[in-house]
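Enquirer: A structural model of the following input is requested.
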Amino acid sequence: MSYEVAWDSVEAPWESESRAPRRGLPAWLLSVMLHLTAMLALAFVPRAPARDVPGDTMRVAGIALVQKSHAETAYLTEDDAAPSPAASAATAHPSPALTLPSLAAANSSQVPVTLPAVTGSLPPPAASLPAAGGLATGNQPSRQVGGGQATTQVFGAQGTGSRFVYVFDRSASMQGFQGRPMAASRAELLKSLESLESIHQFQIVFYNDSTSIFNPFPSRPPHLMLGTDENKELAAQFVRNIVPAGSTWHREALLTALGMQPDVIFFLTDAAEPQLTPGELAQIRARNRTGAVIHSIEFGSGPYQGADNFLVKLARQSGGEHVYVDVTRLGDRRQSG
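Expert: This next block holds a predicted model:
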């Protein structure tokens, strides 16, 4: 009887142990070990040198406000929202200088801007200041020099303003009646000038068939002059040297005066003829762009007849007065509307 051992069916003790399931480390322990390893590695890594930042720039952490619009997005920090001490002091004690408000938002079309009121008076522009020698700059100086006005008169016709032009007839007929018309007109003109101060302006135009304009500086074109004592003395010499002669042409003299843009024109003549035509009166009205008041002084012989002549119409269309002077009496004046 024989026995056989079946080796294939018998397991060795050590083989059964190797097949038993092996237990590994827990997952959380492996994670802790990996993190510790990484931290130790970073501790030994050399750090890069710090970069130099230009200036003393300081970054401040804080709250940022975001404002969005269709065009862009604006970021406002706490410093933008809160006014600085200097700004608060400026608000409490505003400067008299004109300042524009700051734009608090990026989209300025949504922020109404209100300009502060300007107090005090501004200095006049340089173009309105008188030039050397007491003369106003250019042919058309400022309508108000110093802001003052004067009221003056010629044979009872009163005018108020700061710019006056005297347009006086110097034709040969003014020498009649022993020269009394010319002497009386000179005296009235100079007396009217004396009532002006240095801030007012004036000009004198004597005319016959041409014009003679007061201009003590021939190198410059004639223009309005300041009423200084020096200029009034020069004007008095000019007036005294006028000699009546020639015929009479009114239109050119009046248009010359209107070109100086006065406030008031005193227009004196003894010529009933030639009269200004309706067309010439219309032209004078059209050229009177500054609304100058034209006072007409009519020298006549004998009592006033109340005629509605061109001198009456000229005064009426400009809001002025018509004054009639009887040269035979020189002082008996009657006024018509």
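Enquirer: The helix or strand harbouring Phe202 pairs with which strands?
Expert: Assigned by DSSP states H and E, Phe202 belongs to strand 201-207. Strand 201-207 sits in its sheet next to strand 163-169 (parallel), strand 211-213 (antiparallel), strand 225-226 (antiparallel), going by DSSP bridges.
Enquirer: count of neighbours near Ala187?
Expert: Neighbourhood size, Ala187 [other Cβ atoms under 10 Å]: 12. For the C-beta atoms, the positions are set from N, CA and C on the backbone; glycine is no exception.
Enquirer: Need the three-state assignment for it.
Expert: helix (DSSP: H, G, I helix; E, B strand; the rest coil).
Enquirer: Just the CA atoms of the longest helix anywhere in the chain, as PDB, please.
Expert: Assignment by DSSP state H gives helix 27-43 as the longest helix of the chain. What follows is helix 27-43, C-alpha atoms only, in PDB (Å, rounded to 0.1, in the frame of the first residue of the first chain):
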ATOM      1  CA  ALA A  27      -4.900  59.200   4.100                       C
ATOM      2  CA  TRP A  28      -5.000  62.200   6.500                       C
ATOM      3  CA  LEU A  29      -1.600  61.200   7.900                       C
ATOM      4  CA  LEU A  30      -0.100  61.200   4.400                       C
ATOM      5  CA  SER A  31      -1.600  64.700   3.700                       C
ATOM      6  CA  VAL A  32      -0.100  66.000   6.900                       C
ATOM      7  CA  MET A  33       3.300  64.600   6.000                       C
ATOM      8  CA  LEU A  34       3.200  66.100   2.500                       C
ATOM      9  CA  HIS A  35       2.300  69.600   3.900                       C
ATOM     10  CA  LEU A  36       5.100  69.400   6.400                       C
ATOM     11  CA  THR A  37       7.500  68.500   3.800                       C
ATOM     12  CA  ALA A  38       6.500  71.300   1.500                       C
ATOM     13  CA  MET A  39       6.700  73.900   4.400                       C
ATOM     14  CA  LEU A  40      10.200  72.700   5.300                       C
ATOM     15  CA  ALA A  41      11.200  73.000   1.600                       C
ATOM     16  CA  LEU A  42       9.900  76.600   1.400                       C
ATOM     17  CA  ALA A  43      11.700  77.500   4.600                       C
END
